[in-house]
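In: output the structure for:
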Amino acid sequence: MLKMSKPTRSGTRSLTFALPTDQLNGPVSVVGTFNDWTPGAHPLRRRSNGMASVQVTIPTGSEVVFRYLADGGHWFDDHAADRITAQGSVVLV
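Out: Numbering: from 1, shown residues only. Below you'll find the predicted structure:
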């Protein structure tokens with residue numbers, strides 16, 4: 001699941017990446033163009049509502065390409081993205 005905030009006066013938006021914890025078999029991080037594809041830079045944290053999530057700040061008007069990286073080197077896409085390409089999930093911010 002992806003959630004996006006309204007644009008701020010400074011020209012940014014918060015983008016939240018979230019997955020149900022019952023679908024996770026260990027640690028998961030989100031990697032992409034916003035963190036130079038660095039594994040572990042943005043790990044999803046378990047929340048009391050049954051979700052695991054992380055929030056990043058992105059300049060409005062950006063195109064973000066990302067994938068989730070699960071334990072054991074398993075990569076997967078988010079079907080809530082605007083589109084999915086060979087490079088990963090794409091969201092227009």
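
In: any idea how far residue 9 is from the spatially most central residue of the chain?
Out: The chain has residue 17 as the residue nearest its centroid, 3.8 Å off, counting by Cα atoms, centre = their mean. When distance is defined by Cβ to Cβ, to the nearest Å, residue 17 is 24 Å away from residue 9. From N, CA and C alone the C-beta is placed, and that goes for glycine too.

In: with residue 50 instead?
Out: In this view, residue 50 and residue 9 are 33 Å apart by Cβ to Cβ.

In: of these two, who's got more company?
Out: residue 50 (9 against 5; other Cβ atoms under 10 Å).

In: thought the more buried one was touching residue 21?
Out: Yes - in terms of Cβ atoms under 8 Å, residue 50 counts as a neighbour of residue 21; the distance is 5.6 Å.

In: excluding its backbone neighbours, what's nearest residue 41?
Out: Take residue 41 and drop its neighbours on the chain: the residue closest to it by Cβ to Cβ, 6 or more residues apart in numbering is residue 35, 4.3 Å away.

In: count of residues packed around that neighbour?
Out: 15.

In: was I right to think it contacts residue 57?
Out: No - using Cβ under 8 Å, residue 35 is not in contact with residue 57, being 11.4 Å away.

In: give me the nearest residue to residue 18, chain neighbours excluded.
Out: residue 53 (3.8 Å).

In: for my notes, confirm that neighbour occurs in a helix.
Out: No - read with DSSP: H, G, I helix; E, B strand; the rest coil, residue 53 is strand and lies in no helix.

In: what is the burial count for it?
Out: Using other Cβ under 10 Å, residue 53 is surrounded by 17 other residues.

In: so what's it up against?
Out: Residue 53 makes contacts with 16, 17, 18, 19, 44, 45, 47, as judged by Cβ atoms under 8 Å, 6 or more residues apart in numbering.
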